[in-house]
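Asker: next come a sequence and a model predicted from it.
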Amino acid sequence: MNTSSQLFLSLIAVSLISLSAFGATTTIHPDEKKALQDIANSLGKKNWNFDTDPCSNKNWFTELENSVTCNCSVAGDNFCHVVTMDLTGNQMSGNIPSELGSLTHIRTLQLSSNNFTRELPATLAKLTALRDFRISDNQLSGKIPGFIQNWTNIDTLIVQGSGLSGPIPSEISLLRNIIELRISDLNGSEYAPLPQLSNMKLLTRL
Ligand SMILES: *[C@@H]1O[C@H](CO)[C@@H](O)[C@H](O)[C@H]1NC(C)=O
Ligand SMILES: *[C@@H]1O[C@H](CO)[C@@H](O)[C@H](O)[C@H]1NC(C)=O
Ligand SMILES: *[C@@H]1O[C@H](CO)[C@@H](O)[C@H](O)[C@H]1NC(C)=O
Ligand SMILES: *[C@@H]1O[C@H](CO)[C@@H](O)[C@H](O)[C@H]1NC(C)=O
């Protein structure tokens with residue numbers, strides 16, 4: 001073997017090693033694939049095509065407004081993870097699927113303008129990477145849950161005409177990274193004072 005073909009072979013070897021070392025994978029984490037399948041079942045969604053990997057960017061969903069995006073380096077575990085889900089205006093009803101709580105790297109979750117009912121599932125407390133949560137224009141019931149205190153990275157929280165009732169939980173004052181906070185049209189809220197917001201040094205829009 002001459003030196004140039006040896007060099008060529010070793011270059012191939014190096015590329016293969018770095019591919020595996022730096023995780024060139026575009027495969028969704030199996031737990032999240034399972035969660036997406038359960039969410040699809042729960043919502044009666046037919047337009048998520050699980051023959052394709054949801055993180056492959058290859059026509060997994062068939063309509064723009066069903067968008068799910070992934071980040072394949074967010075956890076450093078050689079898997080892709082769901083980081084955004086936008087189900088705005090999808091005419092969905094029933095309860096918000098508790099399996100959303102398994103998408104633990106999700107940053108943006110938009111559920112506005114649907115017909116969701118019942119309470120926000122307690123599993124959403126696990127979404128500690130969440131930055132942007134929108135749940136306006138739904139038919140939910142129950143109160144805005146105190147577990148939102150777990151969303152310590154949240155910068156945008158939009159709850160208008162959701163069906164949820166007041167008062168706004170005092171835990172909201174622990175969300176120090178809030179930039180945009182819009183909570184209005186709470187159901188059945190007898191007068192309740194807004195909790196202490198002075199920790200929210202970044203708040204620019206209320
Ligand atoms: C994916 O996550 C990594 C680690 O948090 C971050 O640095 C990178 O900007 C993210 N990529 C995208 C496209 O958001
Ligand atoms: C929401 O539910 C109400 C009552 O069941 C129904 O009248 C309305 O058409 C539904 N809206 C959508 C967008 O599905
Ligand atoms: C808040 O998040 C932590 C860490 O993920 C979790 O252990 C805890 O159970 C969550 N709180 C609630 C009320 O679920
Ligand atoms: C919340 O209030 C709206 C407007 O008054 C009403 O249409 C809706 O049925 C209420 N939802 C619940 C869960 O009470």
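Answerer: Looks like it arrived, so ask away. Ligands and ions are numbered 1, 2, ... in the order given.

Asker: can you get me a residue count around the residue nearest to Thr128 when sequence neighbours are not counted?
Answerer: Once flanking residues are discounted, Thr128 sits nearest to Asn150: 5.6 Å by Cβ to Cβ, 6 or more residues apart in numbering. Just so you know, the C-beta spots here come from the backbone N, C-alpha and C atoms, and that holds for glycine as well. Neighbour count for Asn150, taken as other Cβ atoms under 10 Å: 18.

Asker: what's the answer for the one 5 residues further on, then?
Answerer: Taking other Cβ under 10 Å as the criterion, the count of residues near Asp155 is 18.

Asker: if we can go back for a sec, and the pLDDT for the residue nearest to Thr128?
Answerer: If you check Asn150, the pLDDT there is 96.

Asker: now the closest residue to Asn95 other than its chain neighbours: how far from Asp155?
Answerer: Leaving out its chain neighbours, the residue that sits closest to Asn95 by Cβ to Cβ, 6+ apart is Arg118, at 4.4 Å. As judged by Cβ to Cβ, to the nearest Å, Arg118 and Asp155 stand 27 Å apart.

Asker: what do you get for Thr26?
Answerer: 28 Å.

Asker: please report how far Leu140 lies from Leu202.
Answerer: Leu140 is 27 Å from Leu202, by Cβ to Cβ.

Asker: which one's more surrounded, the two?
Answerer: Leu140 (23 against 12).

Asker: phi, psi of that one?
Answerer: phi -70, psi 170 (degrees, to the nearest 10).

Asker: check contacts around it.
Answerer: Under the criterion of Cβ atoms under 8 Å, 6 or more residues apart in numbering, the neighbours of Leu140 are 96, 116-120, 162-164.

Asker: quick one, which of those residues are buried?
Answerer: Neighbour-count burial (16 or more other Cβ atoms under 10 Å) applied to the contacts of Leu140 gives 96, 116, 120, 162-164.

Asker: tell me which of those residues fall in helices.
Answerer: Among the buried ones among the contacts of Leu140, the subset assigned to helices under DSSP state H is empty.

Asker: closest to ligand 4 among these?
Answerer: Nearest to ligand 4 among those is Gly163, at 4.1 Å by Cβ to the nearest ligand atom.

Asker: nearest to ligand 3: which residue in this structure?
Answerer: Closest point on the chain to ligand 3, by Cβ to the nearest ligand atom, is Ala125, at 3.1 Å.

Asker: what about the nearest residue to that residue once chain neighbours are set aside, how many neighbours?
Answerer: Closest residue to Ala125 apart from its sequence neighbours, by Cβ to Cβ, 6+ apart: Phe147 at 3.7 Å. The local packing of Phe147 (other Cβ under 10 Å) involves 17 other residues.

Asker: quick check: Phe147 touching Leu124?
Answerer: Yes: counting by Cβ atoms under 8 Å, Leu124 is a contact partner of Phe147 at 7.0 Å.
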